[in-house]
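S.K.: quick one, fold the following:
(chains A, B and C)
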Amino acid sequence: MQEFIQYFFSGITNGAIYAVIAIGFSMLYNSTELINFAHGEFVMLGSMCMITFFGSMHLPLIPAIILAIVCVTAAGLLFERLAIRTVKNPEHIVLIIITVGASIFLRGLGMLIWGKDAFSIPPFSSHPPLDIHGAKLLSQSIWIILIFLLTTVGLQLFYKKTLTGKAMEANAISKRAAWIVGIPSRLMVTLAFGLSATMGAVAGVIIAPVTMCSYDMGTMIGLKGFCAAMLGGLGSLWGALIGGFLLGILEAFGVGFVSSGLKDATAFLLLLFILYVRPGGIISSADVKRF
Amino acid sequence: MMTTHAYRPLMWIISLVVACLIFVSPALAESGKPTYKIGGIFAVTGPASFLGDPEKNSLKLAVEQINKAGGIDGHMLEAVIYDTEGDPSKTVMGVSKLINKDQVIAIIGPSLTPTTLAVVPMIQKAKIPFISCAAGNKIVQPVDPWVFKTAQSDIMAVATIYDHLKSKNVKKISIITVANAFGESGKEQLLAQAPTYGLTVIQSETFGAKDTDMTAQITKIRQEKPEAIVCWGTNPGPAVLAKNIQQLGLDIPLYQSHGVASPKFIELAGSAADGIMLPTGKILIASLLPDSDTDKKVLTGYIADYEAKFKSPVSGFGGYAYDAMNILATAMKGSNGDKEKIRAGIENVKGHVGVSGVFNFSPTDHNGLGQDAFVMVKIVNGKWELLK
Amino acid sequence: MTRDRIPYAVFTLIVAAAGWYTDNPYYLQTLTFIGINTLLALGLNMLMGYAGQISLGHAAFYGIGAYGTAILTVHWHVSPWLALPGAVAAAMLVACIVGIPTLKLSGYYLGMGTLGFGMIVNILFREWSSVTGGASGFVGIPSLELGPISFSSTKNYFYLVWGFVIFSFILCHRIINSRVGRALRAIHDGEKAAAAVGVDTAKLKLQVFILSAAFSALAGFLYAHMVFFISPESFDFIASIRIVTMVVIGGMASVWGSLIGASLLTLLPEWLHAFSEFEMVVYGLILMIIMIFLPKGLTRGLLDMFERARKNK
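M.R.: The predicted structure follows:
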């Protein structure tokens, strides 16, 4: 029982991280039908900014977090303006290769700025771990889940209660119809890019204390987030949540009950299985277009 | 107006191509005395850059020192260094370039076991002295006339840890290794040598090099109640493991490999590093060595020179390339650039005091290090302490 | 028909001349790598460019070809020339088994499905160490011999690889200009419409998938017997993405595009060595700039520019 709970804790901690990254993927997909392969690099930027602001400059926690998120969001907006909007008559696959190029570029930039070494920062607070039936819930895990909940509730409120959020959602449902009622679709796309980068930054900020951060950390974690988004169903907020947690928990139990060497294989096998059974992810959204 | 628009992308392309061509054109050859060209090939970027970067710097440092002392028999040295990114195909291309285009007379590197094994067939064909900086034992066993290595083998590292475990009367251990070539080679040795020391490996787990959380693996280990845990990996994974073990409140002695033997590990693991024991070359504890130790002068000299030149703290890994260059220099004396003479010369290097230990090469031993190259250290309050 | 063949004849001559003229093994080896990458790009281009199906896991087939021949020749002592059909057949079989359920997916979900498959195969290469040598890699793959000709010479290997490339070019050319090729383009433009006019889309997609797996496995075979060593990281997710990038940068639905894309992505890192620390930044920038200014790939983009320039005169 104790082990079971411990695996579960490990699963939801990783799951919350995957979910935040998956939301970033999903949100962008909703507005642009684009998968951003540089998303993992935004996570990396978030972590590394946190290292700089919180770790080296010793800013207080909250300003450091805000500053890190603002920086990465700005980078996301810049990327959209310089690399995505300049393409005329874009095909999806072309934009995707641009994001692949961007991911290499950002990784190189990260290496130039922060060097090749890994860094770590202390947890946000130094409470002893919570003890539940002998299983330990780490203080940073509580922070991760808390920030994750805040983010999702915030997003939900933004989409349902604010005019901008509603406009974004309308734009995601039908660009044309939204345009007819006067929603500036280009601005909505920019906004989606910015928000998606924000999500990446949030993920980067919350994992900075649990893991070791280096310029090349983004690829693998971005990939996991992408899997989570696909697993749940692209374009759906709830899908991203379910996908993220499912992937995290699967991995943890994969380690516990199968083998740690095959944990990724277990997760991917199940993913293939789910895709075969439900070809649109767990929460199937509208038909996903081809490349 | 129309035409300028149509041409704009073309201009971009042309300027790009021109830029590429400029960089392709070989660097202007220096006139004067004939120089010896030494090839260096390291994982300067990519996941193994913690090895490749100090190795590149150390090679440069060694070459500079040798040239300052008048070169080898009056010949100056020139290092040509390429990056492998830890990728076997890139390494093959790089070594091919070194042999065929730059026409080097010896090659130092690569940093990793797979990339080394990938180029060994080319070395055999080209018949060129080759000193690898990778740890894997497969590189020099079986011995190939042209292939040498300066990094300590896993065999010795495992033996050093197991010696220590035996002295503590430990019987049951769990091992956890990183899922790459370094971890796999360590796992192989850990499993193979355990019976000799009366140890039983009751459990063997792995973790991914980029894993962010290892509590699941630790939970599994906790169930088995081993007397000690041996972790085999390179930064940052083992630091995550150490942190997680501390957070879960596990009270089992943790041993790490020489793969984390750098100040970076203590920085990453923070207070979780306390109490961890690991085997390392003497470089980490150079200042703790008694003045009578033969290695001390070489070590402190290397550390001072490295830190002065590159303004960054030294790690034990750069020493592999530094030793390789100095051993090569010894072998090159009087060889007049003849590759066979250099090769035979390396086999005759005896008692060379290097950063990683004392090298005694022979036609059957192409690594040259004994087990005395390793010492056990313990981390106490963020400082290295020599055990026993 | 004969006019069709002229480019291929010219190309064969160019290859022969390049082989005859180049003596430095380094340049020959670079050109050989381009040939291997061209095979990879060509295989994926058939799938992506002509049939409109994405695959983010093609390095798996590349790996199956390489590990297939390694296992057959080293463990089972089979002659490499028998291992070639063996390895290719293995890749085709796997493609068939995986393709049947996966190709029902479309768009990003197909991308995800193939990506997952690629990851699983890569983990197998790494974890099944008793057979594949694990993460440390597989050593001791023999060199190819054919009677008195030894392909351990760089020049002979160059001719061998480019012989396969030219053969594949002609094969692809014939497929594209056949009934099958037209049906493929119909699928690319609209799967439902293609089905409505009587194209068996599921079967055709599967066939192309298997064909492209076969090309990748052939490339894997050639890679293994060139380097004599293979390890899992040559066939990982990043390798798959690199193949996709070659196809798109070169130009989709173009045989020559595969050649150009493969050449660029093989040569670029070699050229960029001079930038040392800045290499990654410059490499990423070049990829982005090419795609931003030539979204149809280098082949089509340069041709378009050429034509526009002529018209404007």
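S.K.: for B:V80, give the beta-bridge partners.
M.R.: Beta-bridge pairing of B:V80 under DSSP bridges involves B:G39.
S.K.: contacting residues around it?
M.R.: B:K37, B:I38, B:G39, B:G40, B:L98, B:D102, B:V104 (Cβ atoms under 8 Å, 6 or more residues apart in numbering or on different chains). For every residue, glycine as well, the C-beta is placed using N, CA and C.
S.K.: stretch C:199-208 and chain A, are they touching?
M.R.: No - with Cβ under 8 Å from any Cβ of the partner chain as the criterion, chain A is not reached by stretch C:199-208; the gap is at least 11.7 Å.
S.K.: near chain B, which residues of the stretch 101-250 of chain A? Just list them.
M.R.: Residues of the stretch 101-250 of chain A lying near chain B (Cβ under 8 Å from any Cβ): A:111, A:116-120, A:122, A:129, A:136, A:138, A:207, A:210-212, A:214, A:216-217, A:219-221.
S.K.: is there a quick PyMOL command that grabs whichever of those residues are buried?
M.R.: In PyMOL syntax, the buried subset of those is picked out as below (16 or more other Cβ atoms under 10 Å in any protein chain shown):
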select buried, chain A and resi 111+116+117+118+119+120+129+136+138+207+210+211+212+214+216+217+219+220+221
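S.K.: restricted to strands, list the residues of the stretch 101-250 of chain A next to chain B.
M.R.: A:K136 (DSSP state E).
S.K.: so which residues on the stretch 251-388 of chain B come close to chain A?
M.R.: B:K264, B:E267, B:L268, B:A269, B:G270.
S.K.: can you list contacts of the helix or strand hosting the fourth one?
M.R.: Here B:A269, judged by DSSP states H and E, is contained in helix B:263-269. Where contact means Cβ under 8 Å, 6+ apart, the residues beyond helix B:263-269 that reach it are A:117-120, A:212, B:50, B:235-236, B:238-239, B:242-243, B:256, B:273, B:276, B:284, B:313, B:315, B:379, B:382.
S.K.: quick revisit: among the residues of the stretch 101-250 of chain A next to chain B, which are in helices?
M.R.: A:M111, A:I207, A:T219, A:M220, A:I221 (DSSP state H).
S.K.: TSV please, covering those and showing pLDDT.
M.R.: Shown next, in TSV, are these (pLDDT from 0 to 100):
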residue	pLDDT
A:M111	90
A:I207	90
A:T219	86
A:M220	86
A:I221	89
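S.K.: and those residues, which two are the farthest apart?
M.R.: The distance between the two most remote of these (Cβ to Cβ) is 19.1 Å, for A:M111 and A:I207.
S.K.: which one of the contacts of B:V80 is nearest chain A?
M.R.: B:G40 (17.1 Å; Cβ to the nearest Cβ).
S.K.: my guess is that closest one contacts B:L59. True?
M.R.: Yes - the pair formed by B:G40 and B:L59 meets the contact definition of Cβ atoms under 8 Å, at 4.8 Å.
S.K.: neighbour count for the two, which is higher?
M.R.: Using other Cβ atoms under 10 Å in any protein chain shown as the criterion, B:G40 and B:L59 rank with B:G40 on top: 29 against 25.
S.K.: quick check: closest non-adjacent residue to the more buried one.
M.R.: B:I81 (3.8 Å; Cβ to Cβ, 6 or more residues apart in numbering or on different chains).
S.K.: how about the contacts made by the one you found?
M.R.: B:G39, B:G40, B:I41, B:F42, B:V44, B:K56, B:L59, B:K60.
S.K.: just checking, what packs against the host helix or strand of A:W179?
M.R.: In the assignment (DSSP H and E), A:W179 maps to helix A:175-180. For helix A:175-180, the packing partners by 3 or more Cβ pairs under 8 Å, 6 or more residues apart in numbering or on different chains; DSSP states H and E come out as helix A:163-173, helix A:185-207.
S.K.: out of those, which comes closest to A:S26?
M.R.: Using Cβ to Cβ, the helices and strands packed on helix A:175-180 put helix A:185-207 closest to A:S26, at 8.7 Å.
S.K.: just the angle between that closest one and helix A:163-173, please?
M.R.: 110 degrees (axes from the mean of the first three to the mean of the last three Cα atoms, to 10 degrees).
S.K.: how far away is the nearest residue to C:V180 once chain neighbours are set aside from A:I93?
M.R.: Closest residue in space to C:V180, ignoring its immediate chain neighbours: C:L204 at 7.0 Å, by Cβ to Cβ, 6+ apart. Distance, C:L204 to A:I93, using Cβ to Cβ, to the nearest Å: 21 Å.
S.K.: for A:A208, same thing?
M.R.: 33 Å.
S.K.: in terms of neighbours, single out the busier of those two.
M.R.: A:A208 (30 against 20).
S.K.: next, give phi and psi for the more buried one.
M.R.: phi -50, psi -40 (degrees, to the nearest 10).
S.K.: if I read this right, it contacts A:S47, doesn't it?
M.R.: Yes - look at A:A208 against A:S47 with Cβ under 8 Å: they come within range, at 4.4 Å.
S.K.: what residues does the stretch 151-300 of chain C put near chain A?
M.R.: C:191, C:237-238, C:241, C:244-245, C:248-249, C:252, C:277-288, C:291-292, C:295.
S.K.: which one is residue 264 nearest to, not counting chain neighbours?
M.R.: I'll assume chain A. For A:D264, the spatially nearest residue (Cβ to Cβ, 6+ apart) is C:I123, at 5.8 Å.
S.K.: ah, I was thinking of chain C
M.R.: C:I249 (6.1 Å).
S.K.: next, count neighbours for that neighbour.
M.R.: 28.
S.K.: dump the residues of the stretch 251-388 of chain B next to chain A to a markdown table, plus pLDDT.
M.R.: Below are those laid out as a markdown table (pLDDT from 0 to 100):
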| residue | pLDDT |
| --- | --- |
| B:K264 | 84 |
| B:E267 | 86 |
| B:L268 | 87 |
| B:A269 | 87 |
| B:G270 | 85 |
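S.K.: no further questions, thank you.
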